[in-house]
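Asker: here are the coordinates; sequence isn't available:
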C-alpha cells in the first residue's frame, strides 16, 4: 500500500485532512452545516462539466465551487436561507448528472466524484492542490480573529466593524476552495462528514480554539489515513469509511461530553481534575 | 405542434407511467413539503433523503424493488432523528449531518457491492438521480397506496401540526399530543421522501419536497392554497420535465436523452427564482392574503 503510485494518495490525503480539520472547525463553530454540505455539490457539477468539456478537473472544481458559494451567500440573504441552500444543492447535483450523462463514462465517474476515489488526484495535480491548501490555511489565519468574533458573538463583531455578511461570504469562499481540493479523494457527498465529524469531536474535548483546531486536524488525519488503508485492502469505496469513521468520532465526542457532565461537581466547572474528589457515582449538578 | 410533442409522446407506455406516478408524487410532496418548509426543516428533509438513498441502495443490493428501500430508509431515518432529538438548533444540525454522512457512506458501499455482484450498469444513476421512465407499470398501484396513506396521515394531523408548528406551548396547552403528532408527521415525511426518490432519485428528491412548497409559500400564506399551489407546481414541473426529456432525444446528433430529473429540478429552481423577482414579491404582498396568516390561524 506504500508503492509509488500510492504516495500520491497519502500525500493528498494528508493535505485533505489538514484542510478539512481546520476549515471544518469553523463550519461547526458557525453552524454552517447545510451550506458546507451544499457547496461540494457545486464542485461535483464543476468536475463533471470539466470532464465533459475537457479542461482541468481542478479548475472545474474550483470555479464551480466558488460560484456555488457566492450564489448561496447572495441568494441566502434574501430568501429563506435553508430553502435556498437546499435548492442550490440539488440544482448543482442535477447539473452534474446532466454533464456526466453526456459523456461515455457515466457510471464510474458518478461514483468516484460522489463517493471518493483513493487515486483521485493525479501527480501533476498535487502541487496545485497543495497550493490551494496553503491559500485556504492562510485565509483562515488572516481572518482568524474577525472570523471567530463574527461566529461566536456577531453583535460584538458588528460593533467592532466586522461585517457579518462579508465574513459569511468570505467564509463560504474558503469552504469552496477547501472542498475543491478534497472532493476528488473523499467524494462530494462525503467531504461533509470529514468537515464536521472530527471538529465536532474535538470541540467535545476542549473549548480553546487553537487546541480544538489541532485536535480536529489530528482526528481528521487518522480518519483519512485509516479510510485509505482499509479501502486499499478491501476495495470498498473510501467514502464509506469516511462516513462511518466521521460518525464514530462524533459519537465518541458526544459520549465523552456526556460522561464528563456526570463528573462535574458544580455547574460551570470545566475540568474534573480541578474539582474536589467525589465518590464514584456522584449526581450531576449541571 | 409536433415539434413540441415529439411523435409517440402520448402513446408511449413509459411516458404514461411517468406522468401518472409523477402527478401522484407531486401532490404528496406538495402537501407534506408545505409543512416541512414552514417548520424550517429543509435540512432534515434532505437528510431523510440521504438515508433513503442508503435504503434504496440496500434494496438494490438485496435485489428487491428500490421503492421499498427508499421508504424503509426514510422511516428509519425519521425514527433516528426523533430519537436523537437534540434541543439546540445547531446541535441538531450537526447530528443530522452526521446521520446524513453515515447514510451516504452506507449507500456507497451498497451500490459498490451491488454493482460488482450483479454487474448491472446504470444502477447507481437510477438510485441516485432517478429515472422516472424506468418505473415499472406494476409499481404504480404501490405508489398509489402509499400516497393515499401519506395523505391520510396528513389529513389527520394537519390541524394540530399547524398549531404545534406555530407554537408548541400553545398546542400543548390546547391538549394536542405534540409528540404523537410529530411522529406521525415524520412518518408522512418519510413516505413523501421515499415516493419522490422513486420519481427523481434519492439525492434529488429534496427539490420536489422543498421547491414547490417554497414557491407556494411565497405566493400565499393560507395553508390550503399553499398545498394546492405546491401540488400543481410540482406536477407541472414533472410533466414538463417528462416532455422535455422525451424531446431531448432529437436535440443532438448523438441521440442521447437528457436526464428527466435534471429538467424537473431546474424547472423548480427557475420557478423559485421567478418568485424572487421584485414585481412578483410586491404583488404577493399586496394581495391581502395576509389577513389569514399562519400565526393568526393558530389562535
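Answerer: Done, it's in. Computed from a prediction, not measured in an experiment: that's the story for all the values here.

Asker: when you work out contacts or count neighbours from here on, use the C-alpha atoms and nothing else.
Answerer: OK.

Asker: so where's chain A uncertain?
Answerer: A:1-4, A:76-81, A:104-107, A:120-121, A:264-286 (pLDDT under 70).

Asker: now it against chain B: closest residue?
Answerer: Nearest residue of chain A to chain B: residue A:240, at 3.7 Å (Cα to the nearest Cα).

Asker: that residue reaches residue B:108, doesn't it?
Answerer: Yes. The pair residue A:240 / residue B:108 is scored as a contact, 5.9 Å apart, by Cα atoms under 8 Å.

Asker: and for the two, which residues touch both?
Answerer: Counting by Cα atoms under 8 Å, 6 or more residues apart in numbering or on different chains, the common neighbours of residue A:240 and residue B:108 are residue A:115.

Asker: more neighbours: which of these two?
Answerer: Between residue A:240 and residue B:108, residue B:108 has the larger neighbour count (other Cα atoms under 10 Å in any protein chain shown), namely 31 against 27.

Asker: mind telling me what element the more buried one is part of?
Answerer: Taking DSSP states H and E as the definition, one finds residue B:108 inside helix B:89-118.

Asker: does that helix come close to chain A?
Answerer: Yes. Contact between helix B:89-118 and chain A, assessed by Cα under 8 Å from any Cα of the partner chain, occurs at B:90, B:93-94, B:97-99, B:101-109, B:112.

Asker: and these, which two are furthest apart?
Answerer: Spatially, the most separated pair among the residues of helix B:89-118 next to chain A is B:90 and B:112, at 32.9 Å (Cα to Cα).

Asker: more neighbours: the two, which one.
Answerer: Neighbours were counted for residue B:90 and for residue B:112 using other Cα under 10 Å; residue B:112 has more, 20 against 16.

Asker: check contacts around the spatially closest residue to residue A:247 that is not a sequence neighbour.
Answerer: Nearest non-adjacent residue to residue A:247, counting by Cα to Cα, 6 or more residues apart in numbering or on different chains: residue B:98, 5.5 Å away. Applying Cα under 8 Å, 6+ apart, we find residue B:98 in contact with A:193, A:196, A:197, A:243, A:246, A:247, A:250.

Asker: excluding sequence neighbours, find me the nearest residue to the second one.
Answerer: Excluding its sequence neighbours, the residue lying closest to residue A:196 (Cα to Cα, 6+ apart) is residue A:24, at 5.6 Å.

Asker: and that neighbour, helix, strand or coil?
Answerer: helix (DSSP: H, G, I helix; E, B strand; the rest coil).

Asker: correct me, but it touches residue A:199?
Answerer: Yes. Counting by Cα under 8 Å, residue A:24 touches residue A:199, with 6.0 Å between them.

Asker: out of these two, which sits in the busier spot?
Answerer: Neighbours per residue (other Cα under 10 Å) separate residue A:24 from residue A:199, with residue A:199 holding more: 35 against 32.

Asker: residues touching that one, list them.
Answerer: A:21, A:24, A:25, A:28, A:212, A:213, A:215, A:216, A:217.

Asker: report all helices and strands that the host helix or strand of residue B:216 contacts.
Answerer: Assigned by DSSP H and E, residue B:216 falls within helix B:205-219. Counting contacts by 3 or more Cα pairs under 8 Å, 6 or more residues apart in numbering or on different chains; DSSP states H and E, helix B:205-219 is packed against helix A:81-101, helix B:13-38, helix B:42-62, helix B:178-200, helix B:223-247, helix B:260-276, helix B:278-286.

Asker: picking that back up, from the contacts of residue A:199, which would you call buried?
Answerer: In these, burial by neighbour count holds for A:21, A:24, A:25, A:28, A:212, A:213, A:215, A:216, A:217, counting by 16 or more other Cα atoms under 10 Å in any protein chain shown.

Asker: got those residues as a markdown table, with secondary structure columns?
Answerer: As requested, the buried ones among the contacts of residue A:199 are arranged in a markdown table below (three-state DSSP):
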| residue | secondary structure |
| --- | --- |
| A:21 | helix |
| A:24 | helix |
| A:25 | helix |
| A:28 | helix |
| A:212 | helix |
| A:213 | helix |
| A:215 | helix |
| A:216 | helix |
| A:217 | helix |
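
Asker: whether the strand or helix carrying residue A:226 contacts chain B - can you check?
Answerer: Using DSSP H and E, residue A:226 sits within helix A:209-234. No. Against chain B, helix A:209-234 shows no contacts by Cα under 8 Å from any Cα, the least distance being 10.8 Å.

Asker: tell me what the helix or strand just after that helix is packed against?
Answerer: Helices and strands here follow DSSP H and E; after helix A:209-234, the next one along the chain is helix A:238-263. Counting contacts by 3+ Cα pairs under 8 Å, 6+ apart, helix A:238-263 packs against helix A:106-115, helix A:164-186, helix A:191-205, helix A:209-234, helix B:89-118.

Asker: so which of those helices is the most packed in?
Answerer: Mean neighbour count (mean count of other Cα atoms under 10 Å in any protein chain shown) peaks for helix A:191-205 among the helices and strands packed on helix A:238-263, with a mean of 30.
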